[in-house]
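S.K.: one predicted model, sequence on top.
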Amino acid sequence: MSLAFILADRRSRTSQAQALFLVFIGISIALDVLWVLPQRKAHGVVAWEGVFAIPQVLSFLFAYEWILRVRQTIPAGNLNTRWADRLLLTAQGLSLFYGLAALAFPEWRAEHFGNLTLDPGEKLHPSFWLFSVPLGVSLVLATMATLATLNRRPDRAEARRLIAFAIGAPIMAAAVVLPPHVAPLAGALGLLVLLVGSVQYHVTQGQRAQFLSRFLAPQVADLVTRRGLKSATDEKTLELSVVCCDLRGFTAFSAATSSRQVIAILREYYDAVGAAAAACGGTIKDQAGDGVLILVGAPIAFEDHGQRALELARQIRSVGVALTARWSHSDLQLGVGVGVASGFVTVGVIGGASRLEYTAVGSPVNLASRLCSEAAHGEILVDQRTVELLGASLQPEALRKGSTLHLKGFALPMPSYILATP
């Protein structure tokens, strides 16, 4: 279980702690079954047997460390969250106390605590409480901290693991004390509960990734897989191309159309634009209403970003014209316009702990949006820099000189070019 989880999510600090928790549970079970119990039958309890309690202690420590790390991922806002963190730190301290007691009194732990079997009428030995109290209290404190964490509404995927831990951890801990013929069942049941929660966590994360992959270029997903998210989202300034598209007449159309139908139309429109962006290596930065803004050249840099942007614009026009023709009727007409601009843009991740956004700041972003607003139905307006980037590779008949535009936010008139219709 540990190996599966760490391979699936090895860069997550929370998953790292959970994996170590499972590792030491496995080591503890293996030592007890393969070494400790056979040695006790053959030679009795040896003075150094308390060393074998160390994996148990480490499993508790990393379990509580995992909850602490989950808590660190949740914005605290104005809440006082230190008390729950202190509960977990206290729980870790009690686990260490249990380990020290096991090292100091291995015979007591072997005879009166671990895999305890009482004869009829036999009472618990006082040393039982030396080991059970610190472990029991630590579990109670950790459960309280877990419930406090759930009350702060953590990420849904992480909440499923926390719930599974709150249910499964006491069952697994009970396996330490229960008689040998019952302990394996309790341990397996506790691990099964934890497995269910952890699998749900990874399924939820996978569904999110699958959803986002429909709008991100496959190259971006590959970069994140090979180099990690940070490499893909580090702030940098580079030259790229920006494609912006929106629907003509959408405001009037949505006012006269049922909201259900509007959402269905937007969904089909977004799917078509997303597929075109993925095919050309573009990354969708924004989707707002009927407008879509796509970066070509970030996070993945392309030397031919200008050519890719024009190809993307052509594909958007092609699917947009076909879709709007099908959606329009005699009273309400829809259209699609596209703007393309190139230049230096600063891209990177901004935001707080609760929300991150991949942003792009620069004149080409605004210019593409303004050109899109000026484009008529089925028209693609292109800026001067994109034309310069294409150079000799551009067919003379592919572009024609458009109007010099006075655009909001730009002090100087901006020349424009119209991409020919096939």
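M.R.: Noted; the coordinates are in hand. Remember, it's a predicted structure, so these values are computed and weren't measured experimentally.

S.K.: quick one: low-confidence parts of the stretch 301-422 of the chain?
M.R.: Per-residue confidence for the stretch 301-422 of the chain (pLDDT under 70) gives these ranges: 351-356, 396-397.

S.K.: show me where it has its strands.
M.R.: Secondary structure of the stretch 301-422 of the chain (DSSP state E, counting those that start in this stretch): strands at 335-351, 356-361, 379-382, 399-401, 417-419.

S.K.: tabulate these (TSV), appending mean neighbour count and distance to residue 177.
M.R.: In this view, the C-beta of every residue, glycine as well, is placed from N, C-alpha and C. Conversion of the strands of the stretch 301-422 of the chain to TSV gives the following (neighbours: other CB atoms under 10 Å; distance: least, CB to CB, whole Å):
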stretch	mean neighbour count	distance to residue 177
strand 335-351	21	47
strand 356-361	15	45
strand 379-382	26	73
strand 399-401	13	79
strand 417-419	20	75
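
S.K.: could I get these as JSON lines with distance to residue 318?
M.R.: Formatted as JSON lines, the strands of the stretch 301-422 of the chain follow (distance: least, CB to CB, whole Å):
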{"stretch": "strand 335-351", "distance to residue 318": "10"}
{"stretch": "strand 356-361", "distance to residue 318": "25"}
{"stretch": "strand 379-382", "distance to residue 318": "11"}
{"stretch": "strand 399-401", "distance to residue 318": "17"}
{"stretch": "strand 417-419", "distance to residue 318": "12"}
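
S.K.: of all those strands, which one comes closest to residue 129?
M.R.: Between residue 129 and these, the shortest gap by CB to CB is with strand 356-361, which sits at 48.7 Å.

S.K.: direction included, what does that closest one pair against?
M.R.: Strand 356-361 pairs in its sheet with strand 335-351 (antiparallel), by DSSP bridges.

S.K.: report the distance from the strand it pairs with to the chain centre.
M.R.: Here the centre of strand 335-351 is set off from its chain's centre by 24 Å, with CA atoms, centre = their mean, to the nearest Å.

S.K.: tell me the domain ranges of the chain?
M.R.: The chain resolves into domains spanning 2-213, 218-419 when parsed by automatic domain parsing.

S.K.: comparing those by mean pLDDT, which bottoms out?
M.R.: Set side by side, these give their lowest mean pLDDT on domain 2-213, at a mean of 84.

S.K.: how distant is that one from the center of its chain?
M.R.: A distance of 25 Å separates the centroid of the chain from that of domain 2-213, by CA atoms, centre = their mean.

S.K.: nearest to residue 323, of the strands of the stretch 301-422 of the chain?
M.R.: Comparing those against residue 323 with CB to CB, the closest turns out to be strand 335-351 (7.8 Å).

S.K.: any idea how far residue 400 is from residue 202?
M.R.: According to CB to CB, to the nearest Å, residue 202 stands 53 Å off from residue 400.

S.K.: what's the closest of the strands of the stretch 301-422 of the chain to residue 260?
M.R.: The nearest among these, by CB to CB, is strand 335-351 at 21.9 Å.

S.K.: could you check how far residue 176 is from residue 55?
M.R.: For residue 176, the distance to residue 55 under the criterion CB to CB works out to 11 Å.

S.K.: more neighbours, these two?
M.R.: In this view residue 176 and residue 55 are compared by other CB atoms under 10 Å, and residue 176 has more residues nearby, 22 against 19.

S.K.: what's that one in contact with, if anything?
M.R.: Under the criterion of CB atoms under 8 Å, 6 or more residues apart in numbering, the contact list for residue 176 reads 56, 113, 114, 115, 135, 183.

S.K.: is it true that the fifth one touches residue 92?
M.R.: No: under the criterion of CB atoms under 8 Å, residue 135 makes no contact with residue 92, lying 12.0 Å away.

S.K.: list the residues that contact both of these two?
M.R.: Counting by CB under 8 Å, 6+ apart, the common neighbours of residue 135 and residue 92 are residue 60.

S.K.: quick one: the helices in the stretch 151-300 of the chain?
M.R.: Secondary structure of the stretch 151-300 of the chain (DSSP state H, counting those that start in this stretch): helices located at 156-177, 183-213, 218-227, 229-233, 250-255, 259-280.
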